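[1] missing the sequence, but the structure's below:
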């Protein structure tokens with residue numbers, strides 16, 4: 001059967017690969033000039049394809065694995081029940097993973113990472129600097145159950161901006177610290193980010209009790225990257241296999257999104273649609289944008305795979321990623337920049353960052369710019385309303401690697417089972 005797939009994100013790539021492997025003819029329509037795999041397909045530098053920024057895999061497994069059929073773009077801990085399917089698929093493709101160290105830098109000291117790895121070592125330092133015991137504040141606020149993140153699915157506070165929620169949850173010290181990080185990443189308007197989407201700017205949302213008991217509260221999370229070429233290398237491997245097959249072809253479309261419609265032949269799907277929420281015509285949240293810069297260096301000293309977040313006020317850089325996908329590549333991300341900032345400024349800020357880390361480069365960096373889109377209100381569509389048959393939506397808060405792979409596997413599984421039932 002000839003299956004038509006409309007979409008270019010990672011989920012569409014995964015689904016296409018699964019269907020071709022199962023023996024189906026697949027035609028993919030992608031927007032003109034867009035890479036198949038989206039952000040995860042990476043960028044080109046000196047004939048290399050590399051991951052752009054921090055692209056890491058997080059194998060957090062729930063004790064109870066759920067069937068992939070029930071996946072509905074869950075996020076956070078709720079999505080861990082589907083990670084069994086994600087990492088089983090990776091294993092089936094012969095993908096080996098390598099651990100990546102993640103750190104936070106604050107006032108020239110290095111800590112286990114505070115933003116994404118659930119390490120609270122930095123909390124003690126903030127407590128010392130403030131001269132106050134905000135852990136006591138967190139113990140008190142935890143007695144108010146309606147304000148606890150455990151109630152986020154039913155509490156209106158989760159739809160409020162972080163500028164309102166963070167001070168209530170954490171008190172003045174840690175909330176000011178987190179809001180300053182948001183501003184460093186995405187500019188002064190970032191404090192208006194709807195709390196539901198806190199992970200879009202890499203901001204943690206801890207339970208107050210967790211902060212209060214930071215000395216023994218959490219186990220640090222671990223992160224991994226595919227050994228050969230990172231995630232962008234994985235995408236290239238899948239695409240190379242597809243292009244070698246006579247059963248696969250791509251067609252560029254000129255409209256960013258064709259009108260969504262579903263076709264059937266004897267109740268069988270002819271076309272599958274993969275749609276990012278940011279492209280939906282009926283998307284009605286107010287979304288702000290912020291410009292950030294990337295400086296990509298070829299260096300002589302990048303040996304360890306690691307990520308470092310700069311959580312200090314000093315320096316314009318927010319994060320550097322070292323050798324995640326290719327040996328000898330360092331990527332420095334500059335936080336919020338204005339449109340008129342020139343490439344030489346971005347280059348200089350990035351050079352200062354990696355020089356302080358003892359990293360030696362031997363060529364001028366490639367400078368890229370990217371816009372971060374972040375919503376300041378909740379859209380009705382994020383409530384995961386059941387969509388039309390064979391339309392697979394990626395929501396604003398479910399565009400991680402794990403979520404994209406789960407969606408692609410689900411789409412392919414549903415199609416193959418429907419075909420088998422009508423075979």
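    Here it is on my side, so go on. Everything numeric here is computed off the predicted structure, so don't read it as measured data.
[2] biggest strand in the chain, by residue count?
    strand 287-298 (DSSP state E).
[3] for residue 313, give its distance to residue 418.
    Distance, residue 313 to residue 418, by CB to CB, to the nearest Å: 56 Å. No exception for glycine: its C-beta is placed from N, CA and C like everyone else's.
[4] over to residue 57?
    From residue 57 to residue 418 the distance is 30 Å (CB to CB).
[5] looking at those two, which is more packed in?
    Counted by other CB atoms under 10 Å, residue 57 and residue 418 do not tie: residue 57 has more neighbours, with 24 against 15.
[6] who are the packing partners of the helix or strand containing residue 110?
    Applying DSSP states H and E as the criterion places residue 110 in strand 109-112. The helices and strands touching strand 109-112, judged by 3 or more CB pairs under 8 Å, 6 or more residues apart in numbering; DSSP states H and E, are strand 97-106, helix 121-130.
[7] that's a helix at residue 344, yeah?
    Yes - the assignment for residue 344 is a helix, going by DSSP: H, G, I helix; E, B strand; the rest coil.
[8] count the neighbours of it for me.
    Counted with other CB under 10 Å, residue 344 comes out at 10.
[9] do you know how far it is from residue 79?
    41 Å.
[10] likewise for residue 211?
    23 Å.
[11] tell me how far residue 232 lies from residue 50.
    6 Å.
[12] overlap in contacts, those two.
    42-43, 325 (CB atoms under 8 Å, 6 or more residues apart in numbering).
[13] average model confidence for the top helix by length along the chain?
    When the chain is parsed with DSSP state H, its longest helix is helix 162-186. Averaging pLDDT along helix 162-186 yields 90.
[14] what inclination does it have with respect to strand 97-106?
    Calculated by axes from the mean of the first three to the mean of the last three CA atoms, to 10 degrees, helix 162-186 forms an angle of 100 degrees with strand 97-106.
[15] buried residues, helix 162-186. List them.
    162, 165-167, 169-171, 173-175, 177-179, 181-186 (16 or more other CB atoms under 10 Å).
[16] do stretch 221-236 as well
    The neighbour-count check on stretch 221-236 (16+ other CB under 10 Å) flags 221, 223-226, 229-236 as buried.
[17] mean confidence for it?
    Here the average pLDDT along stretch 221-236 is 93.
[18] between the two ends of stretch 320-339, how far is it?
    End-to-end distance of stretch 320-339 (CA to CA, to the nearest Å): 22 Å.
[19] buried residues, it. List them.
    By 16+ other CB under 10 Å, the buried positions in stretch 320-339 come out as 320-326, 328-337.
[20] out of the residues you listed, which sit inside strands?
    Those of the buried residues of stretch 320-339 lying in strands (DSSP E): 320-322, 329-337.
[21] now the helices for this structure?
    Counting by DSSP H, one finds helices in the chain at the ranges 10-21, 83-92, 121-130, 134-141, 162-186, 208-212, 230-243, 343-356, 401-421.
[22] return the most buried member of those helices.
    helix 10-21 (a mean of 25; mean count of other CB atoms under 10 Å).
[23] list the contacts of it.
    Outside helix 10-21, the residues touching it (CB under 8 Å, 6+ apart) are 3, 5-6, 26, 28, 36-38, 40, 89, 235, 238-239, 241-242, 245, 247-248, 272, 274, 392, 394, 401, 404-405, 407-409, 411-413, 415-416.
[24] quick one, domains of this protein?
    Split into domains by automatic domain parsing, the chain comes to 2-97+228-284+381-421, 120-212, 287-375.
[25] what is the rounded mean pLDDT of the last one?
    Pointing back at domain 287-375 there. Here the average pLDDT along domain 287-375 is 90.
[26] got the end-to-end distance for it?
    With CA to CA, one end of domain 287-375 sits 4 Å from the other.
[27] pull the distance from that domain to the chain's centre.
    Domain 287-375 has its C-alpha centroid displaced from the chain centroid by 17 Å (CA atoms, centre = their mean, to the nearest Å).
[28] what's the answer for stretch 108-117, then?
    Centroid separation for stretch 108-117 versus its chain: 18 Å, with CA atoms, centre = their mean.
[29] buried set for it?
    111-117.
[30] mean confidence for it?
    Here the average pLDDT along stretch 108-117 is 92.
[31] and that stretch, end to end?
    Start-to-end, stretch 108-117 (CA to CA) is 19 Å.
[32] who touches that stretch?
    Applying CB under 8 Å, 6+ apart, the contact partners of stretch 108-117 are 102-105, 119-123, 125, 181, 202-204, 220-223, 307-309, 311-312.
[33] kindly report the same for stretch 70-90.
    14, 57, 59-62, 64-66, 68, 97, 199, 226, 384, 393-395, 397-398, 402-403, 405-407, 409-410.
[34] quick check: which ranges of the stretch 51-200 of the chain have low pLDDT?
    The model of the stretch 51-200 of the chain has pLDDT under 70 over residues 128-148, 150-155, 157.
[35] again, 90 this time
    When residues are selected by pLDDT under 90, those of the stretch 51-200 of the chain lie in 53, 60-66, 69, 72-80, 107-108, 118-160, 165-175, 194-200.
[36] tell me the contacts of the residue nearest to residue 56 when sequence neighbours are not counted?
    Among residues not flanking residue 56 along the chain, residue 223 sits closest, at 4.1 Å (CB to CB, 6 or more residues apart in numbering). Shown in contact with residue 223 (CB under 8 Å, 6+ apart): 56-58, 99-100, 102, 116-117, 307.
[37] quick one: contacts for the nearest residue to residue 99 once chain neighbours are set aside?
    Of all residues not flanking residue 99 in the chain, residue 224 sits nearest, at 5.6 Å (CB to CB, 6+ apart). Contacts for residue 224 (CB under 8 Å, 6+ apart) come out as 56-59, 97-100.
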